[in-house]
Structure formats: structure tokens, C-alpha cells
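**Student:** Test case, fold it:
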Amino acid sequence: MATLTLQQCEIYVPPRSMFLDTCVLFAAYCPEDAYHQDAKDFMLQEDPFLVPYVVLGEAWGLLVGSRKRLDCGIRMINELRERPNTQFVPVWTNLLNDSRDLCTKHRIDLVDAFLMCMSSFFMKTLKLKSPIPIATYDTRDFCRCYSALRFGCFDIKERALL
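**Tutor:** Take a look at the predicted model:
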């Protein structure tokens, strides 16, 4: 068996950054989605977005796997890659463990758990005054976990922080 060492990932986190939830990417790139135009407009803002690879993978699966819209999936990848204020965020072992524990305890979606744990981790590690918000249309899992850890959530429908 061979050992592979990968270069450390450096993530630039500018002020006003937001994590994107899967439902935002799906809505922005699926013309049939009820929030399509709103999500497209939201994605046009200049504020920086942090897109975890797990979110990108889940959005791809919904667009290409479920909806059979390869064109939409390819457009999503191309546009996100070309967007100057977008950073992609990997998953690391401790994050996986913490997210799994959050899922088990609160019976929530794994990707939502990743986002909450990332928001909390970035705040602690970068010594931010407040957590980086997670932009979403579906706040249910996030609302269920506010007592579990400190993270930020931005309800796009209401255009407000929770």
C-alpha cells in the first residue's frame, strides 16, 4: 500500500463571508425550483461565499443524479469556479466526527451538521466575534441545534440572521 501526502489547504476567509447550504446552490441552478430566481439574485451579490465540497457534491447529486440536468451541474461548477469571491472548503477528520455526533444526537442531515460544525470551528479557530453564517432556505435542522453549539444561520427567505 502506498502513502499519499496532500498539500495543506489554505482558505482565505474575508469579512462578510457566508457558507452556502445545498438548497441555495440547487435553487440557483435548477430552473424548476420555486426559489430559482431569488437564489440566482442572492448568488449575484458581491459578498464572499464559502462552499464546502460536501455541499457541492450534494448539489451535484440533486441536479445531475435526481433531476438528470447535467447542463445545470456543469454550469454550477463552472460559475462557482470562476466567481472571484468563492472559496471551496474541504472536510477533515475531526469535522467528520463532530458532524456525525451532531447528526446522531439531533437526528439531522449530515451536510447541515457539517455546515454548523464548520461555522463554529471557523469562529473559534479564527477568533471571530460571531460565527460565519450559513445561507439557507431550509432552517429546520439549524433551529434544532442552536443549543448544541454556536454557529450562524442566515434565512434567505427572510433576508435575516436567525
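**Student:** Packing partners of the longest helix along the chain?
**Tutor:** Assignment by DSSP state H gives helix 110-126 as the longest helix of the chain. Applying 3 or more C-beta pairs under 8 Å, 6 or more residues apart in numbering; DSSP states H and E, we find helix 110-126 packed against strand 18-20, strand 49-52, helix 53-60, helix 93-106, strand 133-136, helix 140-144. Any C-beta I mention is one placed from the backbone N, CA and C, and that applies to glycine too.
**Student:** Any idea how far it is from the middle of the chain?
**Tutor:** A distance of 10 Å separates the centroid of the chain from that of helix 110-126, by C-alpha atoms, centre = their mean, to the nearest Å.
**Student:** Excluding its own residues, what touches it? List them.
**Tutor:** Helix 110-126 has contacts (C-beta atoms under 8 Å, 6 or more residues apart in numbering) with 13, 19, 21-22, 50, 52, 54-55, 58, 89, 91, 95, 98-100, 102-103, 106, 128, 130-134, 141-142, 145, 148-152.
**Student:** In JSON lines, list the helices and strands packed on helix 110-126 along with mean pLDDT and mean neighbour count.
**Tutor:** Below are these laid out as JSON lines (pLDDT from 0 to 100; neighbours: other C-beta atoms under 10 Å):
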{"stretch": "strand 18-20", "mean pLDDT": "98", "mean neighbour count": "25"}
{"stretch": "strand 49-52", "mean pLDDT": "97", "mean neighbour count": "22"}
{"stretch": "helix 53-60", "mean pLDDT": "97", "mean neighbour count": "20"}
{"stretch": "helix 93-106", "mean pLDDT": "94", "mean neighbour count": "15"}
{"stretch": "strand 133-136", "mean pLDDT": "98", "mean neighbour count": "24"}
{"stretch": "helix 140-144", "mean pLDDT": "95", "mean neighbour count": "16"}
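**Student:** Make CSV out of those and add distance to Asp33.
**Tutor:** Output for the helices and strands packed on helix 110-126, formatted as CSV (distance: least, C-beta to C-beta, whole Å):
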stretch, distance to Asp33
strand 18-20, 15
strand 49-52, 18
helix 53-60, 11
helix 93-106, 25
strand 133-136, 14
helix 140-144, 18
